[in-house]
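Engineer: Generate a structure from the sequence data that follows.
(one chain, ligands or ions: 1)
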Amino acid sequence: MSYASSSEWVEQLEREGELLRIREPSCVELVIAAAADQESKSEHGGKALLFERPIGADGREYAFPVFINGYGSARRMAMALGRIGVEEIGDEVGALVRAKPPAGVAEAWDLFKRGLELRHARPVAVGRGACQEVVHRVENGGEGLGQIPVLKTWPKDGGPFLTLPQVITEDPETQERNVGMYRIQVLGPWEAALHWQLHKVGARHGKKYREMGKPMPVAVALGGDPANAFAATAPLPDGIDEYMFAGFLRKKSVGFVPAVSQPIRVPADADFVIEGTVDPVGEPVNEGPFGDHTGFYTPMDRYPRLRVTAITHRKKAIYPATVVGKPPMEDFWLGSASVRILLPVLKMNFPELVDLALPAEGVFHNMAFVSLKKQYPYQAFKLMHGLWGAGQMMFTKIIVAVDAEVNVHHTSEVLFYLGANVDPERDMIFIKSPCDSLDHATSQPNVGSHVGIDATRKLAGEGYGRNWPEECRTTPEASARARDLLAAARRGRP
Ligand SMILES: Cc1cc2nc3c(=O)[nH]c(=O)nc-3n(C[C@H](O)[C@H](O)[C@H](O)COP(=O)(O)O)c2cc1C
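Structural biologist: This is a model prediction of the structure:
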């Protein structure tokens, strides 16, 4: 199922009882973010919120509503992709890569890419873009980015930030497109800072343009089918077009139109498109501070300046946003969906891998729990090294490995085995690795150490010279009888 527009998505949420409309004027500075923070932490992720009358700190009213927490529960995340559960998509991805078992990671991704192409997921050119119903060009002046109700989310943020952008760039040599979700700080009506971190594809494209001395065209899409923004967050390898992935997810190709002021194509269904360039010789600008996924402020740093050349939008555009901070928040559901959908690709390469979870407390990269079927000594360590070598898994600071029957989505169960099965000196490995740019704990930015903890039961070949004890479990019969007795007592019957 696909959505023709953000409005269609919002209407569907309302029909399903998943939307709360806020009709009171609500300030884009701190207030909308605080409401979204509270709602995302309520039971089952609360509701999606539509703020119909966003206002500035000076009381001025914006022409566009703010939509937030749309992906913020398991149900809404699946609805965004037109499914009952995201596991359905994981099964479809599994079927794609199982067609011809790959010999390695690169081959698995290649198979995945060819599978997407066969599913007619390729983006297509369309005649007209609803995203261009209204066009504002820099040469005509005007409010520029100031007309969009961009949120300031935390008190010490350096300014307002776009937090759900689809940042579109192309490789200057191959013309391969990349779409990444990189936050954008608004610096002025026609100026912004692009926070693509060192390891991301947008940064790699930027470096190439700089080396070639060519201005870099950039387009930033906001809204449209919710599959588009989700795809921008997915940790796909370089070379797989996120909009092709979105086409696969929504079972319909994403339609494209040429941007109005830059040589780049943009999704026709977007609510807003911001077009501009990054100057190859221009100085980077100060970006931040920003209250981040980590729950801490990321300090100010230098990032490329985007000079905006045009802003286009639907007549009835909706501005989509998210708030990041201490978990659980909307981004947890985005990250979990990526894991569920892409796990089959990882499994093709690591046959022992049973399941993987990124617990909310680990804010994406701090922690991963993996379960495995161990056949030989040190296999848990072998799996950890493999995972650290797999794309953005390289950022995972702490990997805890448990046996196949442990539910990795149940943090307290994992912590039980972490406590019970680990002899720390024997069962931990430390490695040096690139680290997430947001990690404030490392002594230097972008580099540090990771730890792998093997909490599986130990084999003789792993230095364990004793008999591993059996876990206490009652019989199924006793358990069933006990359940009946307790249920009857609760109903008040003998
Ligand atoms: C809400 C949200 C905000 C994000 N903000 C940033 C950001 O500011 N900079 C960044 O490099 N990655 C950010 N990410 C992570 C990237 O979107 C993610 O790593 C993505 O896979 C990058 O795409 P790429 O591999 O094409 O570069 C964010 C993710 C989410 C869910």
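Engineer: ok, and does stretch 225-237 reach over to the ligand?
Structural biologist: Yes: Stretch 225-237 lies within reach of the ligand by Cβ under 6 Å from any ligand atom, at Thr233, Ala234, Pro235. Heads up, the C-betas are built off the backbone N, CA and C, glycines and all.
Engineer: didn't the second one look like it was pressed against Ile240?
Structural biologist: No: the pair Ala234 / Ile240 is not scored as a contact, 9.0 Å apart, by Cβ atoms under 8 Å.
Engineer: can you list the residues of stretch 225-237 next to the ligand in TSV and add secondary structure?
Structural biologist: Formatted as TSV, the residues of stretch 225-237 next to the ligand follow (DSSP: H, G, I helix; E, B strand; the rest coil):
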residue	secondary structure
Thr233	helix
Ala234	coil
Pro235	coil
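Engineer: can you tell me the helix or strand for Val93?
Structural biologist: Taking DSSP states H and E as the definition, Val93 sits inside helix 87-98.
Engineer: same for that helix, what does it pack against?
Structural biologist: Judged by 3 or more Cβ pairs under 8 Å, 6 or more residues apart in numbering; DSSP states H and E, the packing partners of helix 87-98 are helix 105-118, helix 330-349.
Engineer: Run the angle between it and helix 105-118 for me.
Structural biologist: Angle of helix 87-98 versus helix 105-118, following axes from the mean of the first three to the mean of the last three Cα atoms, to 10 degrees, is 110 degrees.
Engineer: circling back to that earlier point, mean neighbour count, the helices and strands packed on helix 87-98: which tops it?
Structural biologist: With neighbours defined as mean count of other Cβ atoms under 10 Å, these peak in mean count at helix 330-349, which reaches a mean of 22.
Engineer: Does the ligand have contacts with that helix?
Structural biologist: Yes: Helix 330-349 is in contact with the ligand by Cβ under 6 Å from any ligand atom, via Asp331, Leu334.
Engineer: got the CA positions of that helix in CSV?
Structural biologist: This file holds the C-alpha atoms of helix 330-349, laid out as CSV (Å, rounded to 0.1, in the frame of the first residue of the first chain):
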residue,chain,number,x,y,z
GLU,A,330,10.0,7.9,17.6
ASP,A,331,13.5,7.1,16.2
PHE,A,332,13.6,3.8,18.2
TRP,A,333,10.8,2.5,16.0
LEU,A,334,12.5,3.6,12.8
GLY,A,335,15.7,1.8,13.9
SER,A,336,13.9,-1.4,15.0
ALA,A,337,12.0,-1.5,11.6
SER,A,338,15.3,-1.4,9.7
VAL,A,339,16.7,-4.3,11.8
ARG,A,340,13.6,-6.4,11.3
ILE,A,341,13.5,-5.7,7.5
LEU,A,342,17.3,-6.1,6.8
LEU,A,343,18.0,-9.0,9.2
PRO,A,344,17.6,-11.6,6.5
VAL,A,345,20.4,-10.1,4.5
LEU,A,346,22.7,-10.3,7.6
LYS,A,347,21.5,-13.9,8.3
MET,A,348,22.6,-14.9,4.8
ASN,A,349,26.1,-14.1,5.8
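Engineer: ok and the residue in the stretch 1-150 of the chain nearest the ligand?
Structural biologist: Tyr71 (8.8 Å; Cβ to the nearest ligand atom).
Engineer: circling back to that earlier point, mind listing what's buried in the helix holding Val93?
Structural biologist: Neighbour-count burial for helix 87-98 flags Ile89, Gly90, Glu92, Val93, Gly94, Leu96, Val97 (criterion: 16 or more other Cβ atoms under 10 Å).
Engineer: Save these as JSON lines, and put in pLDDT and distance to the ligand too.
Structural biologist: Output for the buried residues of helix 87-98, formatted as JSON lines (pLDDT from 0 to 100; distance: Cβ to the nearest ligand atom, whole Å):
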{"residue": "Ile89", "pLDDT": "94", "distance to the ligand": "17"}
{"residue": "Gly90", "pLDDT": "92", "distance to the ligand": "17"}
{"residue": "Glu92", "pLDDT": "90", "distance to the ligand": "20"}
{"residue": "Val93", "pLDDT": "89", "distance to the ligand": "16"}
{"residue": "Gly94", "pLDDT": "87", "distance to the ligand": "21"}
{"residue": "Leu96", "pLDDT": "82", "distance to the ligand": "20"}
{"residue": "Val97", "pLDDT": "79", "distance to the ligand": "19"}
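Engineer: Closest one of those residues to Gly188?
Structural biologist: If you rank the buried residues of helix 87-98 by distance to Gly188 using Cβ to Cβ, Ile89 comes first, at 40.3 Å.
Engineer: That closest one contacts Arg83, correct?
Structural biologist: Yes: between Ile89 and Arg83 there is a contact under Cβ under 8 Å: 6.2 Å.
Engineer: Secondary structure element holding Asp37?
Structural biologist: helix 31-40.
Engineer: Please, where are all the strands along the stretch 301-450 of the chain?
Structural biologist: 301-303, 305-313, 319-321, 353-357, 367-372, 398-403, 428-434, 447-454 (DSSP state E, counting those that start in this stretch).
Engineer: ok, and which of those has the densest surroundings?
Structural biologist: strand 319-321 (a mean of 27).
Engineer: so what secondary structure elements neighbour that strand?
Structural biologist: By 3+ Cβ pairs under 8 Å, 6+ apart, strand 319-321 packs against strand 66-68.
Engineer: For the strand it packs on, which strands pair with it and how are they oriented?
Structural biologist: According to DSSP bridges, strand 66-68 forms sheet pairs with strand 48-55 (antiparallel), strand 319-321 (parallel).
Engineer: Next, format those strands as TSV and append distance to Gly180.
Structural biologist: Converted to TSV, the strands paired with strand 66-68 look like this (distance: least, Cβ to Cβ, whole Å):
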stretch	distance to Gly180
strand 48-55	24
strand 319-321	16
